[in-house]
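>>> Next one to model:
(4 chains)
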2 protein chains.
Amino acid sequence: MGKLAHDHTAEDCVELVTIFQNLSAIDKKTVATLVTHHHYKSGEYLFSAGDAADSLIIVAHGQAKVFQMSASGKEQMLRILQTGDFDGEAALFSNSEHNSYAQALMDTAVCQISRTDFQKLLQMTPELAVNMVNALGRRVGQLEQQTTEATTASVESRLANYLLETSAGLDEEVFTLPLKKKDIATYLGTTPETISRKLTALTKQGMIEKISNNEFKILDADRLMLID
Amino acid sequence: MGKLAHDHTAEDCVELVTIFQNLSAIDKKTVATLVTHHHYKSGEYLFSAGDAADSLIIVAHGQAKVFQMSASGKEQMLRILQTGDFDGEAALFSNSEHNSYAQALMDTAVCQISRTDFQKLLQMTPELAVNMVNALGRRVGQLEQQTTEATTASVESRLANYLLETSAGLDEEVFTLPLKKKDIATYLGTTPETISRKLTALTKQGMIEKISNNEFKILDADRLMLID
DNA sequence: CGTCTGATTGAAGATTGTCAAGCGTGGTGG
DNA sequence: CCACCACGCTTGACAATCTTCAATCAGACG
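Here you go, the predicted model:
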């Protein structure tokens, strides 16, 4: 078995996902019996707008982007699903259809739980419900933040924040942008050209340093934060 | 007792709020014993950024706006709370502080449930948890939509959508804008001046008709929807 | 009648988007 | 192993949208 081929058992999924983590061993076992597995190659869609939203999707390994398509055909990136993230909760109850797309950015393994199984689980496991409310609450907060930034701050400010957030946690000086410029652009609500220009602008002002095409180094975090 | 003075009993609050509506009579009674009441005059704040988020807030009567303040001091409207809407869930678990402001737009009565009481309630009442997940799921969907529109569509398109949504449901030809232009502006991520200009533009193109300062009539809904 | 708040309009300017061309690099096939 | 191709990134010139600042106007209310 090669380095890239992983076996993802049901237990793996359950352990990975925050909303399941503090459940009892028994509950976890129950959850494990309910998940099914799927694998997507880079570029494949986990779901598309209009698809029936009949299951909760958990990323067991890999990375996927979730985005909407506007009437005029523009993409708007909503979030990046990392290992352990899940999606589908929003549409799982209220709507019957997805209104967004999820596309694998690399080879990605996901676990799914069907809507009906998940609802039963929720009724039986109060802790799970609390975890779920928690996770959704955080998500609401994130989205409120994203909306506010997108409409009140300049592209330069949004980009600066994005760089700070992306580099945060990594102790290393140099960090790699996890997305293509085009995807960063739709995440920040702008265009690849503008991203390119703003990055060179920040470089010229000495706040960041460009190592390679997608590797950068933060030189002056304080000044980056103050861009308005 | 005058027209504007209402008595809001605990039962009223419970009945008003969707997340409580399909609970058993017994559960509703329990909820009713836990709520406290507050009254705010127009302009007063229900909470501010930085306040401890220690309770769920339910609007029993009136209207309030929820907004964030950007670093540069710009307001971003997040939502309007109508009678029966609630807020505070987002911060109720994950964070200990509000990161937004809620301000009464008219005299407003609210009911509150403390964080600890609400958490107990959640554990005891699986149906409530499911309702909660539902409500939060809808909210996530709304926010995703708002973010996408704000960053991909022109102001004219966003305004057209706003007018269509605001007039939807009302059978009457003429409808009243529920917000001041300034608030509509921050909701759509723009300025009052631009709102003003776009409204006259839409009027000149014959898609809407201006009745009074804040009363309008939709003349050509189809064309409004197609603005890109 | 005067004042205060919000709405409108104009002119100027900045930011960002669009279109088009050129560059660099990594991967593929000859 | 090299040449070429494809894709993404960069850069430039230009256009459009939107914001800002300022002045004026309209309506509500004491």
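
>>> Is the residue nearest in space to the middle of chain A bridged to anything, and to what?
Residue closest to the average C-alpha location in chain A (Cα atoms, centre = their mean): residue A:80, at 2.2 Å. Residue A:80 forms beta bridges with residue A:65, as assigned by DSSP bridges.

>>> mind checking how far it is from residue B:203?
Counting by Cβ to Cβ, to the nearest Å, the gap from residue A:80 to residue B:203 is 42 Å. Any C-beta I mention is one placed from the backbone N, CA and C, and that applies to glycine too.

>>> ok so, going back, surely the residue nearest to the centre of chain A meets residue A:178?
Yes. Counting by Cβ atoms under 8 Å, residue A:178 is a contact partner of residue A:80 at 7.3 Å.

>>> Name the residues contacting each of these two.
Common neighbours of residue A:80 and residue A:178, counting by Cβ atoms under 8 Å, 6 or more residues apart in numbering or on different chains, are residue A:63.

>>> What ranges does chain A have for its strands?
Listed in chain order, the strands found in chain A under DSSP state E are A:36-40, A:45-47, A:55-61, A:64-69, A:75-81, A:86-87, A:101-104, A:108-114, A:174-176, A:208-212, A:215-218.

>>> got a markdown table for these, with mean pLDDT and distance to DNA strand C too?
Shown next, in a markdown table, are the strands of chain A (pLDDT from 0 to 100; distance: least, Cβ to the nearest atom of the strand, whole Å):
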| stretch | mean pLDDT | distance to DNA strand C |
| --- | --- | --- |
| strand A:36-40 | 91 | 19 |
| strand A:45-47 | 93 | 22 |
| strand A:55-61 | 89 | 21 |
| strand A:64-69 | 93 | 15 |
| strand A:75-81 | 93 | 11 |
| strand A:86-87 | 88 | 26 |
| strand A:101-104 | 93 | 18 |
| strand A:108-114 | 91 | 19 |
| strand A:174-176 | 90 | 13 |
| strand A:208-212 | 92 | 8 |
| strand A:215-218 | 93 | 12 |
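
>>> Which one, of the ones you listed, ends up nearest to residue B:157?
Residue B:157 lies closest to strand A:75-81 among the strands of chain A, at 13.6 Å (Cβ to Cβ).

>>> Strand A:108-114 and that closest one, what's the angle between them?
Angle, strand A:75-81 to strand A:108-114, by axes from the mean of the first three to the mean of the last three Cα atoms, to 10 degrees: 90 degrees.

>>> Now tell me which helix or strand of chain A has the poorest mean pLDDT.
Using mean pLDDT, DSSP states H and E, helix A:89-93 stands out as the lowest-scoring helix or strand of chain A, at a mean of 70.

>>> Alongside DNA strand C, which residues does chain A contribute?
Residues of chain A lying close to DNA strand C (Cβ under 7 Å from any atom of the strand) are A:154-156, A:189-191, A:193-194, A:213.

>>> Closest to DNA strand D out of those?
In terms of Cβ to the nearest atom of the strand, no member of these lies closer to DNA strand D than residue A:193, at 4.1 Å.

>>> Report the separation between the closest one and chain B.
Going from residue A:193 to chain B by Cβ to the nearest Cβ, to the nearest Å gives 16 Å.

>>> how about low-confidence regions in chain A?
Applying pLDDT under 70 to chain A flags the ranges A:1-10, A:91-95, A:171.

>>> Spell out which residues make up each domain of it.
Following automatic domain parsing, one finds the domains of chain A at A:10-141, A:153-226.
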